[in-house]
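Trainee: show me how the following folds:
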Amino acid sequence: MVKLILIIGAAIPIILAALIAAPMIMNPQVPFSAANADDKISIELIKYDLKKVSFGLTDKLVPQKSEVLTISDDGSLKYTLSTPDSSPVEKSLVLDKSQVTKLTALIKETGYMQLPFDSIPADESVSQYTKFSLKVTLNGKTKQVQWPEQNATSSFIPPLVSNVESELEGLLNQTKN
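Mentor: Residues are numbered from 1 along each chain as shown. Next up is the predicted model:
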């Protein structure tokens with residue numbers, strides 16, 4: 001009798017946890033409900049491929065390539081690729097309103113605008129890495145965060161920054177092709 005009560009008592013929280021977790025597992029996307037119709041957003045992602053060049057006593061980080069992705073509130077997307085050897089290449093396209101809404105919801109839902117830091121430094125020993133700079137203006141408030149790729153730093157890069165980065169890199173790759 002006591003075992004039956006213990007089994008039932010242990011099963012109730014497990015069942016409740018499964019009921020709560022099931023919708024989150026089945027639909028892992030950010031809910032669009034976080035975005036309002038009157039939200040105004042502007043996003044600028046800059047991706048630098050940096051290389052450390054030594055000049056004897058001093059070192060200097062030199063960009064090998066930089067990619068700039070700018071998304072405005074109306075869905076217009078501008079991509080610029082710059083390399084030291086050639087002139088910049090620009091491409092433009094227009095995103096669906098649903099994609100802009102998804103990005104707005106992602107920024108709001110993850111709490112990107114409330115991040116307590118502005119920069120994550122790269123380790124001094126790393127000589128070549130990719131650095132990201134993301135500037136978001138949401139409803140008049142601006143937040144800019146800079147960070148290196150994960151293998152170039154010993155600091156922790158929060159998953160919310162990585163999630164926003166991966167979503168924008170998907171758009172970056174889509175625009176390149």
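Trainee: tell me the domain ranges of this protein?
Mentor: Following the assignment in automatic domain parsing, the chain carries domains at 2-29, 33-176.
Trainee: point out the most buried one among those.
Mentor: domain 33-176 (a mean of 15; mean count of other C-beta atoms under 10 Å). For glycine as for every other residue, the C-beta is placed from the backbone atoms N, C-alpha and C.
Trainee: quick check: phi and psi at L19.
Mentor: The phi/psi pair for L19 (degrees, to the nearest 10) reads phi -70, psi -40.
Trainee: show the pLDDT at it.
Mentor: L19 carries a pLDDT value of 77.
Trainee: with D73 instead?
Mentor: Model confidence at D73, given as pLDDT, is 89.
Trainee: got phi/psi on it?
Mentor: Phi and psi for D73, reported as degrees, to the nearest 10, are phi -60, psi -30.
Trainee: and the nearest residue to it once chain neighbours are set aside, what does it touch?
Mentor: Once flanking residues are discounted, D73 sits nearest to K40: 5.1 Å by C-beta to C-beta, 6 or more residues apart in numbering. Applying C-beta atoms under 8 Å, 6 or more residues apart in numbering, we find K40 in contact with 73, 137-140.
Trainee: so which of these comes closest to N173?
Mentor: D73 (22.5 Å; C-beta to C-beta).
Trainee: got a list of what the closest one touches?
Mentor: The neighbourhood of D73, defined by C-beta under 8 Å, 6+ apart, consists of 40-42, 100.
Trainee: redo that, cut-off 7 Å
Mentor: Residues in contact with D73 (C-beta atoms under 7 Å, 6 or more residues apart in numbering) are 40-42.
Trainee: over to K97?
Mentor: Contacts of K97 (C-beta under 7 Å, 6+ apart): G75.
Trainee: please name the bridge partners of the spatially closest residue to I120 that is not a sequence neighbour.
Mentor: If the residues on either side of it in the chain are set aside, I120 comes closest to W147, at 4.1 Å by C-beta to C-beta, 6+ apart. Taking DSSP bridges as the rule, W147 bridges to F132.
Trainee: please look at W147 and F132 and confirm they touch.
Mentor: Yes - look at W147 against F132 with C-beta atoms under 7 Å: they come within range, at 5.6 Å.
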